[in-house]
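> Predicted structure and sequence below. I'll ask about it afterward.
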Amino acid sequence: MIYAGIDVAKDKHDCLIVDSNGKNLSKVFTITNNKQGFDELFANLRTHSKDLSELKVGLEATGHYSDNLLEFLISNDLPTTVSNPLHTNLYRKGLSLRKTKTDKVDAHSIVTMLRTECLKPYSQSSYHVRELKSLTRYRFSLVQDCARLKSSFARLCVILFPELEKLVPSLHMASVYALLAELPNARAISECHLTRLTNLLSEASKGRYSKDKAIEIRNAAKVSIGSYSEVKSLELQQTLQLIQMMEKQIAQAEARINPIVDSLHSPIMTIPGIGYRMAAIIIAETGNFANFDKAEKVLAFAGLEPSVYQSGQLTSTHAKMVKRGSKYLCYALFNAAKYVCPWDEGFRQYLAKKRAEGKAYNIAVSHAAKKLTRVIFHLVKTNQSFSR
């Protein structure tokens, strides 16, 4: 068996090839991150073994830097293993007491771990699942960015027209957005003609707000303690434009997510309280559970398992969650549990039981999330619909 360890970087990759006894078949060589470099790597591997099944390639999961190389290796039928960088780092430190970390040392650590450890080969998920993973993570980042912008928008409203927040149910409404897009501060609203203000609010609220609301808002603007600042008014208007643009982008991403989830016919969608968004993240992050044979492994992957500490006669009794793994999956399972508990009697009673034991709400929800994970795993593996 021939083993190749690759340390991935942005513009180049360091490679080391050894045999089953750990003997170096070549010095550490560097390839460029382009087609020429990939072909050079493949040719170098073929010189040591014509039979691709006798080759085994290992690299770290370094995010987008390794995606193209991994795709190349898989497409050329090379058995490939992708290791966790934390695992590789701890393994490298265990090989030597010296504080040495270079790309060449990393390549040597990867190939040694590949040769001596029992590592599962990388299995490529289906096209739909890979597309779903990209879409859900993109949507997740958009939602986070939009939330930050909304916080900034609320801050500017407090500076420019603090009384407005008490006159409307929420600052993030179509009518408020339309009002502040044209009249971004208290002075502009107080000087606005009542007819124009009434029409603006009525049209944006689809008739919900009438002349009375326009009078109320204008009167509050006349006695407002809000600061007048043209610069902050401009910032508010442009922040509002960014929010509206991001909301459109989120809607476009969701419009692409929903048909993919429908095409997979996942039993997850039969669980009351779980919709397209949470189901999509769970399916995408787990690869539709294709690589898991136990529900406990899914919990570990999501970071929902408790840490364990035991030394001598000491055993920790207050274990915390490890919080390692996919933050997206952890987020989806935790929030899905929040949605499922009010809709399903079994989960509702389970949550109430944990609360009765004296557990805080979020801790009780985390227990419900574990239970939900086991239920989802069983449904997907047996292809059964949820029933109570």
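All right, it came through fine. Numbers count the residues shown, from 1 in each chain.
> ok, Ser170 - contacts?
Shown in contact with Ser170 (Cβ atoms under 8 Å, 6 or more residues apart in numbering): Val176. For the C-beta atoms, the positions are set from N, CA and C on the backbone; glycine is no exception.
> got the domain boundaries for the chain?
2-122, 141-250, 265-382 (the TED database).
> Lys133: which of those is closest?
domain 265-382 (3.8 Å; Cβ to Cβ).
> Looking at that closest one now, give me its mean pLDDT.
Domain 265-382 comes out with an average pLDDT of 89.
> same deal with stretch 5-23?
Mean predicted lDDT for stretch 5-23 stands at 90.
> for that stretch, which positions count as buried?
Neighbour-count burial for stretch 5-23, counted by 16 or more other Cβ atoms under 10 Å, picks out Gly5, Ile6, Asp7, Val8, His13, Asp14, Cys15, Leu16, Ile17, Val18.
> Can I take it that Lys56 is in a helix?
No: using DSSP: H, G, I helix; E, B strand; the rest coil, the secondary structure at Lys56 is strand, not a helix.
> quick one: it and Tyr3 touch, right?
Yes: Lys56 is within contact range of Tyr3, at 5.2 Å (criterion: Cβ atoms under 8 Å).
> Now do the shared contacts for those two.
Common contacts of Lys56 and Tyr3 (Cβ under 8 Å, 6+ apart): Leu114.
> quick one: which of the domains of the chain is nearest Leu132?
Evaluated with Cβ to Cβ, the domains of the chain place domain 265-382 nearest to Leu132, the distance being 4.2 Å.
> what are the pairing partners of the helix or strand that contains Gly5, and which direction each?
Assessed by DSSP states H and E, Gly5 sits inside strand 2-8. Neighbouring strands of strand 2-8 in its sheet, by DSSP bridges, are strand 12-18 (antiparallel), strand 55-60 (parallel).
> export those strands to JSON lines and tack on distance to Gly207?
Formatted as JSON lines, these follow (distance: least, Cβ to Cβ, whole Å):
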{"stretch": "strand 12-18", "distance to Gly207": "62"}
{"stretch": "strand 55-60", "distance to Gly207": "59"}
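> all strands for this protein, in order.
Per DSSP state E, the chain carries strands over the ranges 2-8, 12-18, 29-32, 55-60, 80-83, 310-311, 314-315.
> can I get these in TSV with distance to Leu156?
Output for those, formatted as TSV (distance: least, Cβ to Cβ, whole Å):
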stretch	distance to Leu156
strand 2-8	43
strand 12-18	46
strand 29-32	48
strand 55-60	43
strand 80-83	45
strand 310-311	53
strand 314-315	53
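> How much space separates the residue sitting nearest the centre point of the chain from Gln249?
Nearest to the geometric centre of the chain sits Tyr328, at 3.5 Å (Cα atoms, centre = their mean). Separation of Tyr328 from Gln249 (Cβ to Cβ, to the nearest Å): 18 Å.
> Over to Leu97: give its phi and psi.
For Leu97, the backbone dihedrals are phi -90, psi -10 (criterion: degrees, to the nearest 10).
> likewise the one 3 residues further on?
For Thr100, the backbone dihedrals are phi -120, psi 120 (criterion: degrees, to the nearest 10).
> Pull the contacting residues for it.
Listed by Cβ under 8 Å, 6+ apart, the contact set of Thr100 is empty.
> rerun that using 10 Å as the cut-off
Contacts of Thr100 were listed using Cβ atoms under 10 Å, 6 or more residues apart in numbering, and they are Arg92.
> all helices of the stretch 51-200 of the chain, in order?
Counting by DSSP state H, counting those that start in this stretch, the stretch 51-200 of the chain has helices at residues 64-75, 85-95, 103-116, 127-160, 174-182, 186-190, 194-204.
> Out of those, which gets nearest to Ser387?
helix 127-160 (25.7 Å).
> Next, count neighbours for Ala356.
For Ala356, the count of nearby residues is 9 (other Cβ atoms under 10 Å).
> isn't the residue nearest to the centre of the chain right up against Arg277?
No: the criterion here is Cβ atoms under 10 Å, and Tyr328 misses it with Arg277 at 11.4 Å.
> Give me the common contacts of the two.
By Cβ under 10 Å, 6+ apart, the residues touching both Tyr328 and Arg277 are Thr136, Phe140.
> okay, now the closest residue to Lys323 other than its chain neighbours: neighbour count?
Leaving aside its sequence neighbours, Lys323 sits nearest to Gly303 (Cβ to Cβ, 6 or more residues apart in numbering; 4.8 Å). Gly303 has 16 neighbours, counted by other Cβ under 10 Å.
> any idea how far Gly303 is from Leu351?
Per Cβ to Cβ, Gly303 is found 20 Å from Leu351.
> next one: Asn288
Going from Asn288 to Leu351 by Cβ to Cβ gives 27 Å.
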